[in-house]
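In: Here is a sequence together with a model predicted from it:
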Amino acid sequence: MRELCQGPLRESHGVFRRHFTRTFVVLALFCAVAGPRLIQAQGVRRDTNASNAQQTGSMPGAHSSDPRSSGTISGAIIDKDGAALEGVQVQLKRKEPPLSQEALSDDDGKYSFTAIPPGPFQIVIGAEGFAPQTVSGTLASGQSYTVPDTVLTIAMQKMQVVVSAGLTPIEIAQYQLGIQEQQRVFGIVPNFYVTYVSNAKPLTWKQKYALAWKLSSDRFTLVGSAALAGVEQAGDDYNGYGQGLKGYAKRYGQSYGDIAIGTFVGSAVLPSLLRQDPRYFYKGKGSTRSRLVYALAAPFIAKGDNGKWQPNYSYIGGNLGAAEISNVYYPKGDRAELGGVLGGACIRFGESSLSAVLQEFVFSRLTRHRPDSD
């Protein structure tokens, strides 16, 4: 009896170890890619500010001025909820004397220009997906001018045109999907399977397959699969593949295959057959407890194409189906028995619940190009 139990336990332990490794690699890759991006944005802002005095003095037609008469211009950029917007481009313009400088808002949404000669100025603030804002003022000699907080709002003109044009629900869904496919955490990590529009139109089967392909072919997915294959080779996971370039190629195919097959089966094939929506519908309202419960239940409850909530047969079946399909190309020694498949499925359910919690409370603040209005 003891020997019968040890086999499934060892198998489940192996499945857990591999899933832990994958999660670790994804987080490490996220930090490695997103971290330098944030540092670079702050560095660009500091470099721009440091060179403002040189730019001012070297502009054609610029008048030399007493440093004591120069001033500073600063401000902050926020969204409609008061949250700071980072990485927004800010351009300072002036006709007389000629002047043009640029800066990026930092992680607190703040920007500044130093060593600016007195006189009228204009600031143009713009970010992709937001309506541009223009602020004008006059800088006095030696003044530290603080621009009132600039609130950027989502550019909704296109949506208004879509609605007023009398387009079909399928065409509106395609428009909403186009915006959704631009969503990226920190502007880097794809966040395509989250919709911030509570009454988003249901996707057709073609749109579901297109979204699955969009994620599977994304550069971040390809790089993540390559990194995971390297970690697995270094740890000699799936040793039936061997080592060397051939072993790495097999591990890369297995790593990418797990992602692509899981995405297509659980987010395209079954949702099309069962008429369910594969996306996570961001709640964003209500108490923290209600939002937490909503997120934790996401792997088990889905919105149907009829707009009603129902058991998430697509994800549950896709999770188990993808695990069985993977046994076809895994080395014989690493193919899971029924207990291992169920154990791996439970781990993936937990990962999906955690991902939904992060979507609800963390990633929603970090996702670029997301719409904020229905």
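Out: Noted; the coordinates are in hand. Numbering: from 1, shown residues only.
In: domain ranges for this protein?
Out: 2-37+156-368, 53-151 (automatic domain parsing).
In: Next, format these as JSON lines and append mean neighbour count.
Out: (Glycine included, C-beta is placed from N, CA and C.) What follows is those, written out as JSON lines (neighbours: other C-beta atoms under 10 Å):
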{"stretch": "domain 2-37+156-368", "mean neighbour count": "16"}
{"stretch": "domain 53-151", "mean neighbour count": "16"}
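In: okay, these in TSV with mean pLDDT next?
Out: What follows is the domains of the chain, written out as TSV (pLDDT from 0 to 100):
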stretch	mean pLDDT
domain 2-37+156-368	83
domain 53-151	81
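In: ranges for the strands of the stretch 101-250 of the chain?
Out: For the stretch 101-250 of the chain, the strands defined by DSSP state E, counting those that start in this stretch cover 110-116, 119-126, 133-139, 144-146, 150-151, 184-185, 189-190, 194-195.
In: Take the ones you listed and write them to TSV, including distance to Gln359.
Out: Output for those, formatted as TSV (distance: least, C-beta to C-beta, whole Å):
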stretch	distance to Gln359
strand 110-116	28
strand 119-126	27
strand 133-139	29
strand 144-146	36
strand 150-151	25
strand 184-185	10
strand 189-190	12
strand 194-195	6
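In: Which one, of these, ends up nearest to Ile261?
Out: Evaluated with C-beta to C-beta, the strands of the stretch 101-250 of the chain place strand 189-190 nearest to Ile261, the distance being 17.5 Å.
In: same for that closest one, what does it pack against?
Out: When contacts are defined as 3 or more C-beta pairs under 8 Å, 6 or more residues apart in numbering; DSSP states H and E, strand 189-190 packs onto helix 2-50, helix 219-234.
In: which stretch among the strands of the stretch 101-250 of the chain comes nearest Leu366?
Out: So among these, strand 184-185 is nearest, using C-beta to C-beta, at 4.9 Å.
In: ok, what's across the strand from the closest residue to Asp218 other than its chain neighbours?
Out: Excluding the flanking residues, the one nearest Asp218 by C-beta to C-beta, 6 or more residues apart in numbering is Pro190, at 5.0 Å. Counting by DSSP bridges, Pro190 is bridged to Arg184.
In: these two touch, right, Pro190 and Gln182?
Out: No: between Pro190 and Gln182 there is no contact under C-beta atoms under 8 Å: 9.7 Å.
In: follow-up on the earlier one: quick one, which of the strands of the stretch 101-250 of the chain is nearest to Gln207?
Out: strand 194-195 (12.1 Å).
In: what comes into contact with that closest one?
Out: 176, 180, 183, 279-282, 359, 363-364, 367 (C-beta atoms under 8 Å, 6 or more residues apart in numbering).
In: 10 Å instead, please
Out: Contact partners of strand 194-195, identified using C-beta atoms under 10 Å, 6 or more residues apart in numbering, comprise 176-177, 179-180, 183, 185, 201, 203, 277, 279-282, 303, 355-356, 359-360, 363-364, 367, 370-371.
In: what do you get for stretch 307-315?
Out: Under C-beta under 10 Å, 6+ apart, the answer for stretch 307-315 is 199, 201-202, 208, 262, 265-278, 281, 297-304, 318-319, 348-349, 352.
In: In helices only, show me those.
Out: 208, 262, 270-274, 318-319, 348-349, 352 (DSSP state H).
In: mind checking which of the strands of the stretch 101-250 of the chain is nearest Ala323?
Out: Shortest distance between Ala323 and the strands of the stretch 101-250 of the chain, using C-beta to C-beta, is found for strand 189-190: 23.0 Å.
In: And that closest one, how far out from the chain middle?
Out: 4 Å (C-alpha atoms, centre = their mean, to the nearest Å).
In: go on, stretch 135-154?
Out: On C-alpha atoms, centre = their mean, the centre of stretch 135-154 falls 31 Å from that of its chain.
In: Same check on stretch 175-184?
Out: 11 Å.
In: what's the first-to-last distance across that stretch?
Out: Stretch 175-184 has an end-to-end distance of 17 Å (criterion: C-alpha to C-alpha, to the nearest Å).
In: Please apply the same query to stretch 81-99.
Out: End-to-end for stretch 81-99, by C-alpha to C-alpha: 33 Å.
In: is it true that Asn306 touches Leu274?
Out: No: the criterion here is C-beta atoms under 10 Å, and Asn306 misses it with Leu274 at 11.4 Å.
In: returning to what we had before: quick one, which of the strands of the stretch 101-250 of the chain is nearest to Ala212?
Out: Using C-beta to C-beta, these put strand 189-190 closest to Ala212, at 12.0 Å.
In: hang on, the earlier thing: the strands of the stretch 101-250 of the chain: which one's closest to Val293?
Out: Among the strands of the stretch 101-250 of the chain, strand 194-195 sits nearest to Val293 (C-beta to C-beta), with 17.9 Å.
In: ok, the residue lying closest to Ala140 once chain neighbours are set aside to Ser112 distance?
Out: Of all residues not flanking Ala140 in the chain, Pro118 sits nearest, at 5.7 Å (C-beta to C-beta, 6+ apart). Pro118 is 16 Å from Ser112, where distance means C-beta to C-beta, to the nearest Å.
In: again, but for Ala322
Out: For Ala322 relative to Ser112 (C-beta to C-beta), the value is 51 Å.
In: how about the strands in the stretch 251-374 of the chain?
Out: 280-281, 301-303, 309-311, 367-368.
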